[in-house]
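[1] starting from these lines, generate the structure:
(chains A and B)
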Amino acid sequence: DAGVIQSPRHEVTEMGQEVTLRCKPISGHNSLFWYRQTMMRGLELLIYFNNNVPIDDSGMPEDRFSAKMPNASFSTLKIQPSEPRDSAVYFCASSLERGREKLFFGSGTQLSVL
Amino acid sequence: GDSVTQMEGPVTLSEEAFLTINCTYTATGYPSLFWYVQYPGEGLQLLLKATKADDKGSNKGFEATYRKETTSFHLEKGSVQVSDSAVYFCALSEGSTGFQKLVFGTGTRLLVSP
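    Residues are numbered from 1 along each chain as shown, chains lettered A, B, ... in the order given. Just a heads-up that it's a prediction; the model follows:
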C-alpha cells in the first residue's frame, strides 16, 4: 500500500529560479496539506485542499508561492522566483475527510536555494 | 489563534530511562490533542491521540493524558530504547467541525544512547 509520494527528494537551485514540488496523496484520501519545516519556525501549514479545492491558504508566505491540485491524485507547490529564505523541508500530507486529524506524511522535499 | 508549546530539546537519555516531554496548549475551544513522531529522513507519523479531557492516548509504550485543568498533554514512556530516538511533535486540532486543521509545536528531539 503506497504512502504519500513526494518528488524530488532533494532540490538544489539558484536564487530566482522556479521550483516545483510534487505530491501524490494516498489513493482515496480527499484532504491534502502542504507543510514547511524549518529550524526557526518548526512545522508551518502552508495550504490545504479538500476534494481538490483550496480551503485555507492563509499560511502561504507570499505571492511567490502557489499550489494547485488539478485532480485527486496530484498536487504541486510552486515557488517563483525562489529565494534563499525558502530553503526548508516541504512536506505533503493527506488524510481521509473523516479523521482528518490523522495525517499521513510523505518523506519530504529538502529544498536548498543558493 | 490556538497554539502549542513544547519543551526545547534535545532530550538526551540512556536506554531504559524514563521519558517525559512536556506539552502545553492554548485553545479557545476543546481541541483534540496529538503526538506525532518523526524518524530521521522520514515524514511525521501519528503516535497517539486524545479527544477529550481526561482521555489517555497510548501506543508503543508511550502515553499522554489530556489535562484540561493544566492545559497539558505531556508524553511519557517508562523505559526508552535507542530506536525511540526521533523528533516528537505535540499538536492540536483547530477550527470548526467542518474543516479542522492541525497546529504543531516546534518539536522536541530525543536522543537515546545505549
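
[2] from chain A, how far out is residue B:107?
    Residue B:107 sits 6 Å away from chain A, going by C-beta to the nearest C-beta, to the nearest Å. Backbone N, C-alpha and C define where each C-beta goes, glycine included.

[3] quick one: contacts for that residue?
    Contacts for residue B:107 (C-beta atoms under 8 Å, 6 or more residues apart in numbering or on different chains) come out as A:42-43, B:6, B:9, B:38, B:87-89.

[4] farthest pair within these?
    Pairwise distances across those peak at 14.5 Å for A:43 and B:9 (criterion: C-beta to C-beta).

[5] which of the two has more residues huddled nearby?
    residue A:43 (23 against 15; other C-beta atoms under 10 Å in any protein chain shown).

[6] that one reaches residue A:35, doesn't it?
    Yes: with contact defined as C-beta atoms under 8 Å, residue A:43 reaches residue A:35; the gap is 5.3 Å.

[7] list residues touching both of those two?
    With C-beta under 8 Å, 6+ apart as the test, residue A:43 and residue A:35 both reach residue A:91.

[8] number of residues surrounding residue B:40?
    Residues lying near residue B:40 (other C-beta under 10 Å) number 7.

[9] what's the spacing between it and chain A?
    Using C-beta to the nearest C-beta, residue B:40 is found at 11 Å from chain A.

[10] quick check on that residue: phi, psi?
    For residue B:40, the backbone dihedrals (degrees, to the nearest 10) come out as phi -50, psi 130.

[11] for it, give me its contacts.
    residue B:86.

[12] gap between it and residue A:25?
    Distance, residue B:40 to residue A:25, using C-beta to C-beta, to the nearest Å: 23 Å.

[13] near chain A, which residues of chain B?
    Proximity of chain B to chain A, by C-beta under 8 Å from any C-beta of the partner chain, involves residues B:32, B:34, B:36, B:41-46, B:49, B:89, B:93, B:99-107.

[14] and the strands in chain B?
    Here chain B has its strands, by DSSP state E, at B:3-6, B:11-14, B:19-21, B:23-26, B:33-38, B:44-50, B:56-59, B:62-65, B:75-77, B:86-94, B:101-104, B:108-113.

[15] rewinding a little: make TSV from the contacts of residue B:107 and add pLDDT and distance to residue B:69 to it.
    TSV is the format used below for these (pLDDT from 0 to 100; distance: C-beta to C-beta, whole Å):
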residue	pLDDT	distance to residue B:69
A:42	84	26
A:43	88	27
B:6	92	19
B:9	85	26
B:38	93	30
B:87	94	28
B:88	96	23
B:89	95	23
